[in-house]
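>>> sequence? don't have it. structure:
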């Protein structure tokens, strides 16, 4: 009872991984498709549950037939429910527990494909191929490995699914992304169709992506550990499941730091998942050294495969599903034959520990046969869908975003469009961000030409308080000050200008970008060209107020200590004309009637 209870808790943790996959995929793609991605990750579990309950489970776990290739389908879940829930399932667990556990594993296989085909797949097509994976592809190959099929009879070892789940899902992702084609604008081609430039499409919310990785890591303790039947076995599995992804992430951090000049955030997140995938097949067969080796290889492999797929093969995989799941699923499966320690709970003999090639040969046979089967079935599935209902959204739908075109959802973030008012409460800034960049670099000042030669005449005030024309009218000059700043600092800038006596300004919302000090920026190894950001452009013309006072007040209001706080441009102005009254010069700047 206690073991089965933990088995079901582990199944619940694996189900929670659906949230992790949804967050990773949404965060690594663009905001206009976030709702579509959430819908896909919801529906692949729900559709998978329906088809797995109907036939998938019994194809996987039913009585073996046809030389260990497939289980005999039946409807006992619906026709003999009482007997079904009490009947033995896999190992020490009942059929009901085994059904739930394998269901959540099946859903994981289907959801891996979603990320590689994100942002351009028709939702109807996704529903169909997700159902096919859960009904036929996963149940049959999982029967070979876990349902008493031919691979399990030979001694092939895949404890928690590097091969059966991750490699299969990754192969489906590769086939789907290749047949579907890249997102619009991802690759620029010459007149001969040769790719001449690869464009980066940064994910819209890496924070959400990171949350997804942490959710997945937590769920992986259930993914790998749920089938453990003793405390010592469970502890060993938790140990290897922690070491491998941690090592993989450290290796990727160092690798991308050396390669690109800075550690790549999204690649490190991928690396954590890659290490988890790599250790999954042999989590009960590795020791601490073996798990560390798995992590080292996974950390390098994920970067190499993600970048090669994008920049060499020109297959567009927005979330790195192929590099994480297929490449490391294969590596993890082979690693069992190399690094299995006889002293670990599984008791297997790896080549590097015992010199025995047998387990390595079985592992190669297993991943090869399962991989060929999955690739053939997915090619057939995607080609049929493409030739019938169509696999890809139209160009117009892709440009507008699948949220609005597929689901009628204007935005997954309605109510979160930031305005300047969002950054202040009762006239006070919500937060002050502090940095260490000198103010001269954070808020640049450019004179066009230099304002140092500008002559500002002193003005006088008459008895009634009205502003008078300066006594030396000929000495009056006018200066236009143009400020580009962050939206978050506008209210503070406006108050600073009001304190100087500036009562009029023109404010425009603009978009812009700039490369700081000529340093290139990379996203997942690809050079980032432009990243338009919302800014505020403020324009004002001053005469009596010293220009230096305006600049210093603006710099003080805008400064947070980070490069990109803003720029100030200063121009000489020949004349000012007020259209309504016809006044010119200094008088045109006054609002007093």
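Yep, that arrived. None of these values were measured; they are calculated from a predicted model.
>>> CA only for contacts and neighbour counts going forward, please
Will do.
>>> ok, the closest residue to residue 36 other than its chain neighbours - contacts?
Leaving aside its sequence neighbours, residue 36 sits nearest to residue 403 (Cα to Cα, 6 or more residues apart in numbering; 5.2 Å). By Cα atoms under 8 Å, 6 or more residues apart in numbering, residue 403 lies in contact with 32-36, 409-412.
>>> I'd like these as a markdown table, with secondary structure appended.
Formatted as a markdown table, those follow (DSSP: H, G, I helix; E, B strand; the rest coil):
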| residue | secondary structure |
| --- | --- |
| 32 | helix |
| 33 | helix |
| 34 | helix |
| 35 | helix |
| 36 | helix |
| 409 | coil |
| 410 | coil |
| 411 | coil |
| 412 | coil |
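>>> which SS state does residue 68 fall under?
At residue 68 the chain is in coil, as set by three-state DSSP.
>>> Would you confirm that it contacts residue 148?
Yes. Taking Cα atoms under 8 Å as the definition, residue 68 is a contact partner of residue 148 at 7.0 Å.
>>> So between the two, which is more surrounded?
Between residue 68 and residue 148, counting by other Cα atoms under 10 Å, residue 148 is the more crowded of the two (22 against 19).
>>> pLDDT weak spots in the protein?
Judged by pLDDT under 70, the chain has its weakly predicted residues at 1, 89-91, 416-444, 446-476, 513-521, 529-532, 563, 589, 591-593.
>>> hey, which strand is longest across it?
As assigned by DSSP state E, the longest strand anywhere in the chain is strand 533-542.
>>> name the helices or strands packed onto that strand?
strand 478-485, strand 506-512 (3 or more Cα pairs under 8 Å, 6 or more residues apart in numbering; DSSP states H and E).
>>> what about residue 123, neighbour count?
18.
>>> show me what contacts it?
The neighbours of residue 123, taking Cα under 8 Å, 6+ apart as the test, are 36, 40, 406.
>>> possible to save those as TSV with distance to residue 348 and neighbour count?
Formatted as TSV, the contacts of residue 123 follow (distance: Cα to Cα, whole Å; neighbours: other Cα atoms under 10 Å):
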residue	distance to residue 348	neighbour count
36	44	26
40	39	22
406	50	17
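>>> any chance of these in CSV, plus distance to residue 123?
Shown next, in CSV, are those (distance: Cα to Cα, whole Å):
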residue, distance to residue 123
36, 8
40, 7
406, 7
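>>> and which of the residues you listed is nearest to residue 342?
Among those, residue 40 lies closest to residue 342 (Cα to Cα), at 42.2 Å.
>>> Surely the closest one is in contact with residue 114?
Yes. If you go by Cα under 8 Å, residue 40 and residue 114 touch, sitting 7.3 Å apart.
>>> Which neighbours do these two have in common?
Jointly contacting residue 40 and residue 114 under the rule Cα under 8 Å, 6+ apart are residue 126.
>>> ok so, going back, return the members of the contacts of residue 403 classed as buried.
Buried subset of the contacts of residue 403 (neighbour count, 16 or more other Cα atoms under 10 Å): 32-36, 409, 411-412.
>>> which among those gets closest to residue 182?
Using Cα to Cα, the buried ones among the contacts of residue 403 come closest to residue 182 at residue 33, 15.3 Å.
>>> Would you format the contacts of residue 403 as CSV with distance to residue 350 included?
Below are these laid out as CSV (distance: Cα to Cα, whole Å):
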residue, distance to residue 350
32, 48
33, 45
34, 44
35, 46
36, 44
409, 53
410, 55
411, 52
412, 49
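>>> of all the helices and strands packed on strand 533-542, which lies closest to residue 214?
Nearest of these to residue 214, taken as Cα to Cα: strand 506-512 at 33.3 Å.
>>> Which element, helix or strand, includes the nearest residue to residue 43 once chain neighbours are set aside?
Among residues not flanking residue 43 along the chain, residue 127 sits closest, at 7.3 Å (Cα to Cα, 6+ apart). Using DSSP states H and E, residue 127 sits within helix 123-132.
>>> Counting neighbours, which bits of that helix end up buried?
Of all the residues in helix 123-132, those buried under the rule 16+ other Cα under 10 Å are 123-126, 129-132.
>>> Equivalent analysis for stretch 366-384, please.
Result for stretch 366-384 [16+ other Cα under 10 Å]: buried residues 366-367, 370-371, 374-375, 377-379, 381-382.
>>> cool, and stretch 215-234?
215-229, 233-234.
>>> which phi and psi does the residue lying closest to residue 121 once chain neighbours are set aside have?
Ranked by Cα to Cα, 6+ apart and with sequence neighbours excluded, the top spatial neighbour of residue 121 is residue 392, at 4.6 Å. Per-residue torsions, residue 392: phi -110, psi 140 (degrees, to the nearest 10).
>>> Quick check: residue 392 touching residue 179?
No. Under the criterion of Cα under 8 Å, residue 392 is not in contact with residue 179, lying 9.6 Å apart.
>>> which of those two has more neighbours?
The neighbour comparison of residue 392 against residue 179 (other Cα under 10 Å) goes to residue 392, with 22 against 17.
>>> Who are the contact partners of the residue nearest to residue 43?
Residue 127 is in contact with 40, 43-44, 47, counting by Cα under 8 Å, 6+ apart.
>>> can you map out the strands along the stretch 401-550 of the chain?
With strands called from DSSP state E, counting those that start in this stretch, the stretch 401-550 of the chain shows them at 424-425, 428-429, 443-448, 478-485, 506-512, 521-523, 526-528, 533-542.
>>> Check the stretch 51-200 of the chain too.
Ranges of strands within the stretch 51-200 of the chain are 64-65, 70-71, 187-189, 195-198, based on DSSP E, counting those that start in this stretch.
>>> Within its sheet, name the partner strands of the second one and how each one runs.
Using DSSP bridges, the strands paired with strand 70-71 in its sheet are strand 64-65 (antiparallel).
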